[in-house]
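>>> Give the three-dimensional model of this entry:
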Amino acid sequence: MKLGNQIRELRLAAGMTQEQLGEKLAVSPQAVSKWELDTGFPDINLIPMMANLFGVSIDTIFGFDIEKREENIEKLRIEAGRYFWNDPDKCEQMFLSAIEKYPTSDSLKADLLDLYITNAKEDKKEKYLTKAAKLAGQIIAEASDVFSLCRAKETLAEIYLRQDRYDDAKELINSLPYMYPYMLRDKMRVTSDCLRGDDRLAEAKEWKVMEEQELFVACAREGEGYYEIGDYESAIRSYTEAIDVIERFMETDDISYDAYPIGGTQSNHWTFYLRIAACHHKLGRPDECGRCIDRAYYIITHAWIGSTKWESDPDYYLDIYRKEYHTLGLDEYRPLEI
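Numbering: from 1, shown residues only. Alright, predicted model coming up:
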């Protein structure tokens with residue numbers, strides 16, 4: 001591959017126009033165009049600058065291999081991801097080092113953003129919240145990948161909401177595109193639609209799990225909306241639909257750790273019952289409220305048995321249950337005794 005084609009491929013991979021690349025290198029767009037057409041050549045002093053800009057080595061400028069770059073990035077993501085939950089500071093440093101090597105990688109920045117916002121939620125650490133806001137703004141300004149862009153806008157909107165900046169969050173969310181799932185013709189959907197037998201089946205199973213989760217979450221969000229405007233009857237219907245979706249696709253009729261095809265759905269399951277209980281409490285139906293609370297408690301004390309986390313620290317899950325119970329005001333109906 002000629003040098004001009006290599007520069008063009010690197011520029012496109014970085015999501016830059018000729019004007020943007022020229023601006024960063026302090027040359028005209030016409031100069032960049034000539035390089036890519038092989039009718040002109042960059043000054044040798046610009047090669048290291050381009051290598052740094054594109055996040056590649058100088059050797060790569062002269063022997064471009066985009067597949068190798070993406071392979072290296074994926075390895076770095078996996079390596080750093082091993083420390084996501086148990087050592088966030090180490091994970092952060094690994095991501096920062098990887099971004100320094102590949103400064104145009106949207107996926108690395110998106111992973112680091114997830115690390116920041118997760119720790120800001122879990123540990124209430126303001127340092128992570130500040131870093132998340134700064135990185136989200138950077139991704140929004142520079143990202144070429146639409147999924148990274150959307151994730152960054154969502155994160156920044158969450159930060160605005162924590163700062164009581166509702167209108168700012170709404171404006172940012174309104175700038176997001178609609179991307180209906182069937183319009184995303186990825187490997188999973190195209191395989192399910194076009195191939196046959198085991199090939200179709202393997203991807204269709206993954207698709208079903210994804211759509212199941214999307215459906216019960218959508219029902220729950222609808223329920224939250226109804227609850228917030230005081231339409232408790234409609235909220236009950238929406239939360240009941242969410243529960244129906246979860247229970248329809250459980251592997252067994254018994255509540256157990258292995259019954260749920262999607263890890264973590266256990267928490268959604270009992271939460272929806274508690275929220276229905278809260279609706280019944282608002283509507284003055286103590287018997288229905290009590291039955292839903294009892295069902296939620298049964299799920300929380302059975303659905304995680306067998307998991308490593310439950311065996312080592314059951315209070316981790318019970319604390320989440322207690323917090324939700326208090327937040328929904330169910331102490332007014334029955335004091336929580338666990």
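
>>> pLDDT below threshold where in this structure?
1-2, 63-67, 122-124, 182-183 (pLDDT under 70).

>>> centroid residue for it?
By C-alpha atoms, centre = their mean, the chain has its centre lying nearest to R151, at 6.5 Å.

>>> quick one: contacts for that residue?
Listed by C-beta atoms under 8 Å, 6 or more residues apart in numbering, the contact set of R151 reads 110, 113-114, 139. All C-beta spots, glycine's among them, are computed from the backbone N, C-alpha and C.

>>> so which of the residues you listed comes closest to F84?
Of all the contacts of R151, F84 sits closest to D114, with 8.0 Å by C-beta to C-beta.

>>> For the closest one, grab the count of nearby residues.
Using other C-beta atoms under 10 Å, D114 has 16 neighbouring residues.

>>> List the contacts of it.
Contacts of D114 (C-beta under 8 Å, 6+ apart): 84, 151.

>>> L330 too?
274, 277-278, 281, 289, 293, 336.

>>> switch to 10 Å and redo it
Contacts here follow C-beta atoms under 10 Å, 6 or more residues apart in numbering; on that basis L330 touches 274-275, 277-278, 281, 289-290, 292-293, 296, 324, 336.

>>> What is the burial count for A98?
Neighbour count for A98, taken as other C-beta under 10 Å: 24.

>>> what does A202 give?
Residues near A202, counting by other C-beta under 10 Å, number 14.

>>> List the buried residues for the top helix by length along the chain?
Longest helix in the chain, counting residues (DSSP state H): helix 197-228. Buried residues in helix 197-228, counting neighbours by 16 or more other C-beta atoms under 10 Å, are found at 203-204, 207, 212-213, 215-216, 219-220, 222-223, 226-227.

>>> What's the ChimeraX line that selects buried ones from the contacts of L330?
Buried subset of the contacts of L330, written as a ChimeraX selection, criterion 16+ other C-beta under 10 Å:
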select :274,275,277,278,281,289,290,292,293,296,324
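
>>> hmm, which two among the contacts of L330 are most spread apart?
Between any two of the contacts of L330 (C-beta to C-beta), the greatest distance is 16.5 Å, for G290 and E324.

>>> hang on, the earlier thing: most neighbours among the contacts of R151, please name it.
L113 (25 neighbours).

>>> rewinding a little: which strands and helices lie in contact with the longest helix of the chain?
Other helices and strands packing on helix 197-228, by 3 or more C-beta pairs under 10 Å, 6 or more residues apart in numbering; DSSP states H and E, are helix 187-194, helix 232-248, helix 265-282.

>>> Make CSV out of those helices and add distance to I173.
Converted to CSV, those look like this (distance: least, C-beta to C-beta, whole Å):
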stretch, distance to I173
helix 187-194, 26
helix 232-248, 21
helix 265-282, 23
